[in-house]
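Asks: structure here, sequence nowhere to be found:
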C-alpha cells in the first residue's frame, strides 16, 4: 500500500480500551480508519482491527516470559515505518499511558524527530470495575485510588506504603500469577488480612468474572477458581460493592 502521507509519516498511539470493541473512542476509530500500518498488541480484539480494513498489520505481542520484539525494537519499528512515509497507528490495550509503555515509545519517536500524538483509551481498571459495578472511589469507602503493576521484579522491596488501607483503593494490574506474593507483601506492610478483595477476570469481554475474597485468601481464590489473565485485583473496602460473587464463606464474617 502506498503511504497516505507521501513525504512525512507520523505515529498515533491509540488506546483500544479494556477489550470490548464498542468501548473505543470516536477519535480512535477515526485514527484507525486512515492508518496505513497498525502495530498492535496481542490482546486486541480482532473486531477492533477491523476498523482499519486497509492497513498492514504488525503483531508485536507481549506475554509473560515471551516477547515478540523487545521494547527498543518496537520503538525502532515505529520510527522506521513513519520515516518511510506511513501513517502508523500503535494500537495498545487499555490506555497507552497506563502500564502500556506508551511513554517509552513517545520518547523514542520524539528523539527521532517523528510526529506523534496519543489517543487515550478506557483503562482496563475502569472498564473491568464498571462491568462489575464496583466503584473505585466512593464517598463512604474510598477517597483515593492507586494503580500498581504486580509483575515487577523485587516486589517485596518496593514501597507500597499508603497505597492500600482504610479509605483507599489499590488496583493491581498483571497480578494474578503473583497474587499470593502480593497479598503477603501487603499484609507484611500492615494491611489487615480481612481486607476485601475483588478479582476481575476478562473485564468487558465475553466470559467476564468478578470474584470476591479476603486479602489473606487471595492466592487461594485465584488458584481454586482457575483465574487467568487478563485479570485485575481490586483491594479495599469498595470490593464489598457491586456484583462480585463471594468465593469464600469467610467474607461473610466481615460484610
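Replies: That came in fine, so what should we check first? Because the structure is predicted, anything quoted here is derived from the model rather than measured. Numbers count the residues shown, from 1 in each chain.
Asks: residue closest to the middle of the chain?
Replies: The residue lying closest to the centre of the chain (C-alpha atoms, centre = their mean) is residue 124, at 4.4 Å.
Asks: who's in contact with that one?
Replies: Applying C-beta atoms under 8 Å, 6 or more residues apart in numbering, one finds that residue 124 lies in contact with 18-19, 93-94, 98, 173, 203, 230, 232. From N, CA and C alone the C-beta is placed, and that goes for glycine too.
Asks: between the residues you listed, which is closest to residue 37?
Replies: Nearest to residue 37 out of the contacts of residue 124 is residue 93 (C-beta to C-beta; 18.1 Å).
Asks: quick one on the thing from earlier: which one of the contacts of residue 124 sits closest to residue 196?
Replies: Checking the contacts of residue 124 against residue 196 by C-beta to C-beta gives residue 232 as the nearest, at 14.5 Å.
Asks: give me phi/psi at that closest one?
Replies: The phi/psi pair for residue 232 (degrees, to the nearest 10) reads phi -120, psi 150.
Asks: that one: what's it in contact with?
Replies: With contacts defined as C-beta under 8 Å, 6+ apart, the neighbours of residue 232 are 124-125, 128-129, 171-173, 175, 199-200, 203.
Asks: sort out for me which of the contacts of residue 124 are in strands.
Replies: With strands identified by DSSP state E, the entries of the contacts of residue 124 that belong to them are 173, 232.
Asks: how about CSV for the contacts of residue 124, with distance to residue 220 and pLDDT added?
Replies: Shown next, in CSV, are the contacts of residue 124 (distance: C-beta to C-beta, whole Å; pLDDT from 0 to 100):
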residue, distance to residue 220, pLDDT
18, 26, 92
19, 27, 90
93, 28, 93
94, 28, 95
98, 28, 95
173, 21, 95
203, 22, 93
230, 21, 91
232, 18, 96
